[in-house]
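Visitor: The following block contains a protein sequence and its predicted model.
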Amino acid sequence: MVEKKQIPFTREGYERVSGQLKELIEVKRPEIVAAVAEARSHGDLRENAAYDVARQDQAMIERRIAELEETLRNAVVIDEAHGPAKGTVGLGRKVTVDFDGEEEVYTIVGPAEAEPIQGRISEESPIGKQLMGRKAGDRVTVATPGGPADILIKAVD
């Protein structure tokens, strides 16, 4: 039997992904089923572009639902009690860093909930890996596309 890889989540991330799945199942799926039925009612399916598009959209939604269900089936929610010691960078912690002279705030999250633009970086990302287990005052060097970058950890919440 193949063992499934557990996917770490913060409580917030788990709830966000669960909400996305619920939205797809309860709102988007019925909408697309109605769109397919509407397009089908327009006649000859061989020359019905609206039907083809609706079926493609339906396939994409069903694929995304399956992905999210699989992710949540393997989810492990890491809470404060089981996370890193206070003041140590770990899953769910906010980290304020000086990134080459720029102050940045990151929240360390599991890979399935990472959104770098929102400041949520994966524990498995190059920066996340270097920050894990560190404390305020520690310095790390991270390989970036622009070359090595020095990061000073200013605070861990």
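Guide: Good, I have the coordinates. Residues are numbered from 1 along each chain as shown.
Visitor: From now on I want contacts and neighbour counts done on CA atoms only, so please keep to that.
Guide: Noted.
Visitor: Just the element for residue 58, please.
Guide: According to DSSP states H and E, residue 58 maps onto helix 49-73.
Visitor: What mean pLDDT does that helix get?
Guide: Averaging pLDDT along helix 49-73 yields 92.
Visitor: next structured bit after it?
Guide: Assigned by DSSP H and E, the successor of helix 49-73 is strand 75-77.
Visitor: helix or strand right after that next one?
Guide: strand 94-99.
Visitor: ok, for residue 105, nearest residue in space, not its chain neighbours?
Guide: Once flanking residues are discounted, residue 105 sits nearest to residue 96: 4.4 Å by C-alpha to C-alpha, 6 or more residues apart in numbering.
Visitor: I should have written residue 139 there, sorry.
Guide: Closest to residue 139 by C-alpha to C-alpha, 6+ apart is residue 152, at 4.5 Å.
Visitor: Show the contacting residues for that neighbour.
Guide: Contacts for residue 152 were tallied using C-alpha atoms under 8 Å, 6 or more residues apart in numbering; they are 97, 98, 99, 136, 137, 138, 139, 140.
Visitor: now swap in residue 69 and tell me
Guide: Contacts for residue 69 (C-alpha under 8 Å, 6+ apart) come out as residue 21.
Visitor: hmm, try it at 10 Å
Guide: Contact analysis of residue 69 by C-alpha atoms under 10 Å, 6 or more residues apart in numbering lists 17, 18, 21, 63, 75.
Visitor: Repeat that for residue 75.
Guide: Going by C-alpha under 10 Å, 6+ apart, residue 75 touches 5, 6, 7, 8, 9, 10, 14, 69, 110, 112.
Visitor: List buried residues within the contacts of residue 69.
Guide: Buried by 16 or more other C-alpha atoms under 10 Å: 17, 18, 21, 75, out of the contacts of residue 69.
Visitor: Now name the helix or strand holding the first one.
Guide: Under DSSP H and E, the secondary-structure element containing residue 17 is helix 11-23.
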